[in-house]
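J.: give me a 3D structure for the following:
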Amino acid sequence: MAQQWLSLVGAIWLQAINGTNSNFPAYSSELKRLLSISQLSLNNLASASDAGKLLAWLSGVAAAHLPLSLVLLLGSLLCLAGYGVQYLFLAGHLSSLSYYHIFALTAVAGNGICWINTACYIIAIQNFPLDRQIAVGLSTSYVGLSAKIYTDAVDAVAPPSPSDRAAAFLLLNAVVPVAVCIAAAPLARRDVSVRKTRNLRVGFFTMFVVTVATGLVAVVTSLGSAASRSIPNFVILIAIVVLLLLPLVVPIVEKVRENVQQKCLIRVHDECSAASTTVRTSMADDREIGDKYDEIEVVQDINARMMVKSVEFWLYFFVYLFGVTLGLVYMNNLGQIAESRSCSGTSSLVSLSSAFSFFGRLLPSLIDYIFPRNKKLISRAGAMGMIMVPMSGALFLLLNEQHIFLYISTAIIGACTGAITSISVSTTTELFGTENFGVNHNIIVSNIPIGSFFFGDFAAILYRRRGQNGNCMGHQCYETTFMIWGSLCAFGVFLALILHARTKKLYSCK
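T.: As a prediction, this is how the structure comes out:
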């Protein structure tokens, strides 16, 4: 159905503009100057967006009782309030905001991001029940492009001064989510009439081609700064917008196909009889696949109270903590890490981590597309453990002071973090069902603010002890931090293996 694909297009647009927290480095220096705060306080402010995830479960409760379009609008209004007031402060229209006001406003905006994410996840899961990993991975991969989209927009319309650019980022963070949520709200529907037996491989193939092309253009125009300088900024922005509109090809083609098929059946019934027999045969094959899938995926839906009492929840919670959360903390501290190692390519490192995170999010979906419903080989939890192995190795590789290893490790950590983030959505449904997904998954990701403050402040304390006058130079600044982070990630692999074993046992019992 065309509506089924339109819902995925809407989720793609929403995710593409929902990574507003990744824009924090673009205006953090101005906030630091206006608030007269230390680097440690600025680091805590960078984690304030994650603090909003502590109340992310509210979006799950709302999604269970309200239309998804209303959930989107509420989330965008939270972003408008959180970023909008900060814009007024940065633009000089407000002068009485304190550090704690900015912290609270950033947390509010971070919570708004969770509302939009929850709606997008539910759209993908409920409208594509047999291909949820593919749909989720395709849509969430676009989060990695948010920083690129906002940067291109600011480059195209804002004056070059740092203060004007910082204000422009906050203004766009405030108004763009509202505009896109209003535009995508009619597409954000749970399609209860969707048939689980439809053959969607051609549509997904087209989506993959468009997504990969969009990612490659974003990477080339980000990393190839010398070449892209000759291209006007507004041209790059227009190219990205056009690529974001290209997924509309799939629902348009689907609608045309449905209309042609309907006319064919009405006008040329005799000539189409053979084709309709083929269609019925194909539907029967799909139904058989769907029945086999249902035999495998017989997970009981449980509520949040039951979930937190289970051993599987706590294993999964700490696997996520030592995987995704550690990776996010590393990327949040990437600027300080590069500076301590006298590496001047901080912007290249940020672009590198963003690009590999984009393709890391996309990779699990591509694997599911190539090897559909092959769940008997390894569970989602086992896949998370396998991905954390190179991530742990990359953290230990950072003990080498050569710059090349910093780039290699950053690419690996970015890709692994993105891949685990994508897989985690299907992992939650695989372990705890889909009925209460909105609340359950947001409880899982609540470990991000906990780990962000704990791991981030721990690294900042060690950094301060190794340095002088608040500054530290040399690879020893984060040496102990990387050893601890690498060990914790390796321990997360062990926990993932236990969770995999328990998951396989539960499935065999079914």
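J.: domain map for this protein?
T.: With domains defined by automatic domain parsing, the chain comprises 1-296, 300-510.
J.: now the end-to-end length of stretch 426-440.
T.: Its start and end residues considered, stretch 426-440 measures 12 Å (CA to CA, to the nearest Å).
J.: check which residues of it are buried.
T.: Residues of stretch 426-440 classed as buried by neighbour count (16 or more other CB atoms under 10 Å): 426-434, 436-440. In this view, the C-beta of every residue, glycine as well, is placed from N, C-alpha and C.
J.: those into JSON lines, with extra columns for pLDDT?
T.: Formatted as JSON lines, the entries for these read as follows, by pLDDT from 0 to 100:
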{"residue": "Ser426", "pLDDT": "83"}
{"residue": "Thr427", "pLDDT": "88"}
{"residue": "Thr428", "pLDDT": "88"}
{"residue": "Thr429", "pLDDT": "84"}
{"residue": "Glu430", "pLDDT": "82"}
{"residue": "Leu431", "pLDDT": "85"}
{"residue": "Phe432", "pLDDT": "87"}
{"residue": "Gly433", "pLDDT": "82"}
{"residue": "Thr434", "pLDDT": "78"}
{"residue": "Asn436", "pLDDT": "82"}
{"residue": "Phe437", "pLDDT": "84"}
{"residue": "Gly438", "pLDDT": "83"}
{"residue": "Val439", "pLDDT": "87"}
{"residue": "Asn440", "pLDDT": "88"}
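J.: out of those, which sit inside helices?
T.: Residues from the buried residues of stretch 426-440 lying in helices, with DSSP state H as the criterion: 426-432, 437-440.
J.: what's the helix or strand Phe453 falls within in contact with?
T.: Under the assignment given by DSSP states H and E, the secondary-structure element containing Phe453 is helix 447-466. Contacting residues not belonging to helix 447-466 are listed as 39-40, 43-44, 46-47, 50-54, 317-318, 320-321, 324-326, 328-329, 332-333, 336, 340, 470, 472, 474, 476-478, 480-481, 484-485 [CB atoms under 8 Å, 6 or more residues apart in numbering].
J.: and these, which of them are buried?
T.: Among the contacts of helix 447-466, those classed as buried by neighbour count (16+ other CB under 10 Å) are 43-44, 46-47, 50-54, 317-318, 320-321, 324-326, 328-329, 332-333, 336, 340, 472, 477-478, 480-481, 484-485.
J.: quick revisit: hey, least reliable of the domains of the chain by pLDDT?
T.: The weakest mean pLDDT among the domains of the chain belongs to domain 1-296, with a mean of 80.
J.: who touches whichever strand or helix holds Leu171?
T.: Taking DSSP H and E as the definition, one finds Leu171 inside helix 162-184. If you take CB under 8 Å, 6+ apart as the criterion, helix 162-184 is touched by 10-11, 13-14, 17-18, 20, 23, 26-27, 29-31, 72-73, 75-77, 79-80, 82-84, 86-87, 90-91, 109, 112, 116, 150, 153-154, 157-159.
J.: how far is that helix from where the chain is centred?
T.: Taking the mean C-alpha point of helix 162-184 and that of its whole chain, the gap between them comes to 19 Å (CA atoms, centre = their mean, to the nearest Å).
J.: could you identify the helix or strand that succeeds that helix?
T.: Using DSSP H and E, the helix or strand that directly follows helix 162-184 along the chain is helix 201-223.
J.: beyond the helix holding Phe453, next helix or strand please.
T.: From helix 447-466 onward toward the C-terminus, using DSSP H and E, the following helix or strand is helix 479-509.
J.: helix 447-466 and that next one, what's the angle between them?
T.: Computed by axes from the mean of the first three to the mean of the last three CA atoms, to 10 degrees, the angle separating helix 479-509 from helix 447-466 equals 160 degrees.
J.: helices or strands up against helix 479-509?
T.: Contacting helix 479-509 under the criterion 3 or more CB pairs under 8 Å, 6 or more residues apart in numbering; DSSP states H and E are the following elements: helix 311-320, helix 326-332, helix 380-397, helix 447-466.
J.: and if we set it to 10 Å?
T.: For helix 479-509, the contact count by 3 or more CB pairs under 10 Å, 6 or more residues apart in numbering; DSSP states H and E identifies helix 311-320, helix 326-332, helix 380-397, helix 403-432, helix 447-466 as packing neighbours.
J.: turn the ones you listed into TSV, including distance to Phe204.
T.: Compiled in TSV, the helices and strands packed on helix 479-509 are given as follows (distance: least, CB to CB, whole Å):
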stretch	distance to Phe204
helix 311-320	27
helix 326-332	27
helix 380-397	19
helix 403-432	15
helix 447-466	29
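J.: out of the ones in helices among the buried residues of stretch 426-440, which is nearest to Met384?
T.: Out of these, the one with the shortest distance to Met384 is Thr427. That distance is 6.7 Å, counting by CB to CB.
J.: which residues sit in contact with the residue lying closest to that closest one once chain neighbours are set aside?
T.: Among residues not flanking Thr427 along the chain, Arg380 sits closest, at 4.0 Å (CB to CB, 6 or more residues apart in numbering). By CB atoms under 10 Å, 6 or more residues apart in numbering, the contact set of Arg380 is 133, 316, 364, 420, 423-431, 496, 499-500, 503.
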